[in-house]
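Student: mind folding the following:
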Amino acid sequence: MAKQAVDRTAAGIAIEELIVEIVATFFLLRAEGMRIGVVSSSGEGYWSVLRLLKLNGAQTVPQIARSRYVPRQSVQKLANEMLEDGVIELVNNPAHKRSKLLRLTPKGEAVFQQLSDRIAALTETLAEQGDAAQLQNAVAVVKHLHEQLREMLDR
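Tutor: Got it, this is the predicted structure:
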C-alpha cells in the first residue's frame with residue numbers, strides 16, 4: 001500500500017469535509033435559485049450581479065468577472081440577458097472609451113427587491129430548525145475559508 005503524500009491532520013480532514021459539503025450545497029442552492037428565479041437558466045448568479053451593482057455602483061464586465069473569479073465571457077453572457085430584460089443599462093465609462101459600465105435601472109432596482117424577498121423567504125424557511133449561534137459560527141468559518149482562498153488566488 002502506498003504511503004500518503006501528505007500527512008493528514010484532524011483540522012485538514014475537517015476542512016476537506018467542509019469543502020465537500022459546501023460544493024454539494026452550492027449545487028443544491030443553484031438548483032433552488034433557478035426554481036425561485038434568482039439564478040439564470042444557464043446557472044449564472046442573476047441576483048448576485050444585481051446585488052453587486054446595487055452595493056458597489058456601476059461596474060464593467062471585466063470588473064465583475066474579476067470580483068467573482070469567473071470568466072469574463074460568462075459575465076458578458078449574463079449581462080446581455082440582463083440588458084435584454086431591462087434590469088441593467090450601459091453607460092459611458094470615464095476611465096475607458098470602449099468598456100461601458102453596467103448600471104442598475106429602476107426596473108433592476110425593483111427586480112432586485114423582489115428577488116431579495118424570495119431569498120429572505122427561502123432563508124427563513126431554512127432557518128426554522130436552525131440555531132442562530134451555530135449558524136453564525138458556520139458563517140464565520142466559511143468567511144475565514146473564503147478570505148484564505150481569495151488571498152491564495154490573489155498572489
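
Student: residue 69: what's it in contact with?
Tutor: Contacts for residue 69 (CB atoms under 8 Å, 6 or more residues apart in numbering) come out as residue 153. No exception for glycine: its C-beta is placed from N, CA and C like everyone else's.

Student: tell me how far residue 27 lies from residue 21.
Tutor: 11 Å (CB to CB, to the nearest Å).

Student: again with residue 112
Tutor: Where residue 21 is concerned, residue 112 sits at a distance of 29 Å (CB to CB).

Student: can you check residue 3 too?
Tutor: Taken as CB to CB, the span from residue 3 to residue 21 is 28 Å.

Student: still on that earlier bit, between residue 112 and residue 21, which has more neighbouring residues?
Tutor: Taking neighbours as other CB atoms under 10 Å, residue 112 and residue 21 compare with residue 112 leading, 20 against 10.

Student: just checking, residue 39 touches residue 47?
Tutor: Yes: at 7.3 Å, residue 39 counts as touching residue 47 under the criterion of CB atoms under 8 Å.

Student: quick one: list the elements packing against the longest helix seen in the chain.
Tutor: Counting by DSSP state H, the longest helix found in the chain is helix 10-36. Counting contacts by 3 or more CB pairs under 8 Å, 6 or more residues apart in numbering; DSSP states H and E, helix 10-36 packs against helix 106-127, helix 132-154.
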